[in-house]
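Have a look at this prediction, sequence included:
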Amino acid sequence: MLRQIPSLPHRASPRSSFLRLAASLLALSCLPVDAQDTTLSSQKRAQIEKAVSAFMTANSVPGISVAVLQNGQPVWSAGFGMSDLEDSAPATSYTLYRLGSISKAITAVAILQLYERGKLDLDVPVQKYCPAVPQKDSPITSRQLLAHLSGIRHYNENGKGDVPDDSARHFASMEESLQLFSSDPLVAKPGTQFHYSTYGYTLLGCVLEGAASQKYGDFVRENVFRPAGMEHTQADDFFAIVPHRTRWYHRDKTGAVRNAGVLDSSYKIPGGGLISSADDMANFEAAILADKLLKRSTRDLMWTVAQPTEGKPSHYALGWFIADKFGVHTAGHSGGQQGTDTDFVIATDHSLGVVVLANMDNVNTTALAESLLKIILDVADKN
């Protein structure tokens, strides 16, 4: 049920406006908007709402959307707070957020679909499918790209050679995006070390297009989004009018909530450029658990950690982080970029899952997602 949200006085001082806004956020965060509840117990729902409210208050988060799976099915979802502070628009379960690196798990599913169909060999040099990328001293494979073992660099710490933080530069194709990094030297020999790389997933997007003879966006829409019931998931087109897309927020050094910087993520769609809702991502989790998108054997491959031959052990499989938390085996991913912080996780042996999407950056939704998972598993008060 939507609730009327009181607007701020037109002539309010900046300080009084901020205090009124904070009070409104606190009140809104205590009650979900557009919640769906079929089998989630009222006790667990109350615990979840309390945890989300506390998280929002502690981090000054304007809006959060949450979804829960039990027995492999979405059972509850809700939006808390506001998706747009200026227009007092409430966050809902269908509000669209930037996924950030959660996009990698979706891309991994698409790549492995092509593998299942015999259209993509995970262990041949990527140039077979993406001839636009230059040859390196050692060949790079799609399997290595999926597992962040390719040696391709991530963003440079000084930003040199990368897209500036506040940029609306639009990239028209995967090949154009490759120009940002494809000529740079590798940071390690492929297969030897884990080096997280969003650019590696841009290259995977080029590989997908070559193997599928289809644009990345068209392939994932037809083969992932539609079968999974992800009706509103899409690329984050900076210039398009997208209904239900949230605004993006950032908390500055003084603690004030401000609009986040500009981001056109067209250079990294496969690794960090999709938008989705809590409802859609819950449907994605359900489709994975029901083997709607991949065969069980392929899913097992996707969730098997690929270890480097040197350096520290990895906890990353093919597009998914794998962990054992409070005695529970999990698969999932987190994400973060301008104006967003996200996490989704599946308790693989329990057919349970949670989705947490926030419209503020750097707020650690992974911690909140873990707390919610513990509530659902009835281990909230255990170490």
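That came through, no problem. Numbers count the residues shown, from 1 in each chain.

switch to C-alpha atoms for all contacts and neighbour counts from now on
Fine.

so where is the stretch 251-383 of the chain shaky, pLDDT-wise?
Scanning the stretch 251-383 of the chain with the threshold set as pLDDT under 70 gives 380-383.

Show me where it has its helices.
Secondary structure of the stretch 251-383 of the chain (DSSP state H, counting those that start in this stretch): helices located at 269-272, 278-289, 296-302, 365-376.

among those helices, which is the most enclosed?
The highest average neighbour count among the helices of the stretch 251-383 of the chain, using mean count of other CA atoms under 10 Å, belongs to helix 269-272 at a mean of 30.

So which other helices or strands are in contact with that helix?
Helices and strands touching helix 269-272, by 3 or more CA pairs under 8 Å, 6 or more residues apart in numbering; DSSP states H and E, are helix 103-116, helix 198-212.

and after the lengthiest strand in the chain, which helix or strand comes next?
In the chain, with assignment by DSSP state E, the single longest strand is strand 73-84. Next in sequence after strand 73-84, counting helices and strands by DSSP states H and E, comes strand 89-90.

average pLDDT for the helix or strand following that next one?
Elements were assigned by DSSP H and E; along the chain past strand 89-90, the next helix or strand is strand 97-98. Throughout strand 97-98, pLDDT has a mean value of 98.

Next: stretch 220-237.
Taken as a whole, stretch 220-237 carries a mean pLDDT of 98.

can you check stretch 55-63 too?
98.

Quick one: residues in contact with it.
Contact partners of stretch 55-63, identified using CA atoms under 8 Å, 6 or more residues apart in numbering, comprise 22, 25-26, 29, 64, 79-85, 90-91, 249, 251, 257, 358-360, 363, 368.

The longest strand of the chain - contacts with which helices or strands?
Contacts defined by 3+ CA pairs under 8 Å, 6+ apart place strand 73-84 against helix 14-29, strand 33-37, strand 63-70, strand 89-90, helix 278-289.

what about that strand, average pLDDT?
98.

Walk me through which strands it pairs with, and which way each runs.
strand 33-37 (antiparallel), strand 63-70 (antiparallel), strand 89-90 (antiparallel) (DSSP bridges).

For those, which has the smallest mean pLDDT value?
Here the strands paired with strand 73-84 differ in mean pLDDT, and the lowest is strand 33-37 at a mean of 53.

and stretch 167-175, average pLDDT?
93.

gap between it and the chain center?
Distance of stretch 167-175 from its chain centroid, counting by CA atoms, centre = their mean, to the nearest Å, is 20 Å.

repeat for stretch 246-265
Using CA atoms, centre = their mean, the offset of stretch 246-265 from its chain centre is 18 Å.

So which residues make contact with that stretch?
Under CA under 8 Å, 6+ apart, the answer for stretch 246-265 is 60, 62, 83-84, 91, 95-97, 165-170, 236-238, 272-273, 338-340, 359-361.

Pull out the buried positions in that stretch.
By neighbour count with 16 or more other CA atoms under 10 Å, stretch 246-265 contains the buried residues Thr246, Arg247, Trp248, Tyr249, His250, Arg251, Val257, Ala260, Val262, Leu263, Asp264, Ser265.

and the end-to-end length of that stretch?
Its start and end residues considered, stretch 246-265 measures 16 Å (CA to CA, to the nearest Å).

and what of stretch 55-68?
Per CA to CA, stretch 55-68 runs 17 Å from first to last residue.

Okay, buried residues for that stretch please.
Neighbour-count burial for stretch 55-68, counted by 16+ other CA under 10 Å, picks out Phe55, Met56, Thr57, Ser60, Val61, Pro62, Gly63, Ile64, Ser65, Val66, Ala67, Val68.

Could I get the buried residue list for the longest helix seen in the chain?
Ranked by residue count, the top helix of the chain under DSSP state H comes out as helix 42-59. Judged by neighbour count (16+ other CA under 10 Å), helix 42-59 contains these buried residues: Arg45, Gln47, Ile48, Glu49, Ala51, Val52, Ser53, Ala54, Phe55, Met56, Thr57.

Quick check: end-to-end length of stretch 113-123?
One end of stretch 113-123 to the other measures 15 Å (CA to CA).

If you average the pLDDT over that stretch, what comes out?
Stretch 113-123 shows a mean pLDDT of 98.

Quick check: closest non-adjacent residue to Ala172.
Counting by CA to CA, 6 or more residues apart in numbering, Ala172 lies nearest to Ser266, which is 7.4 Å off, once chain neighbours are set aside.

How about the contacts made by that neighbour?
So Ser266 contacts His170, Phe171, Ala172, Asp236, Asp237, Gly273 (CA under 8 Å, 6+ apart).

From the residues you listed, keep the buried residues only.
His170, Asp236, Asp237, Gly273.

Tell me the spacing between the second one and Val207.
From Asp236 across to Val207, the span is 21 Å (CA to CA).

try the last one
In this structure, Gly273 and Val207 are separated by 17 Å, where distance is defined by CA to CA.

and the spatially most central residue of the chain, what does it touch?
Residue closest to the average C-alpha location in the chain (CA atoms, centre = their mean): Ile102, at 2.5 Å. Residues near Ile102 by CA under 8 Å, 6+ apart: Gly271, Gly272, His333, Ser334, Gly335, Thr342, Asp343, Phe344.

That's all I had, so thanks and see you.
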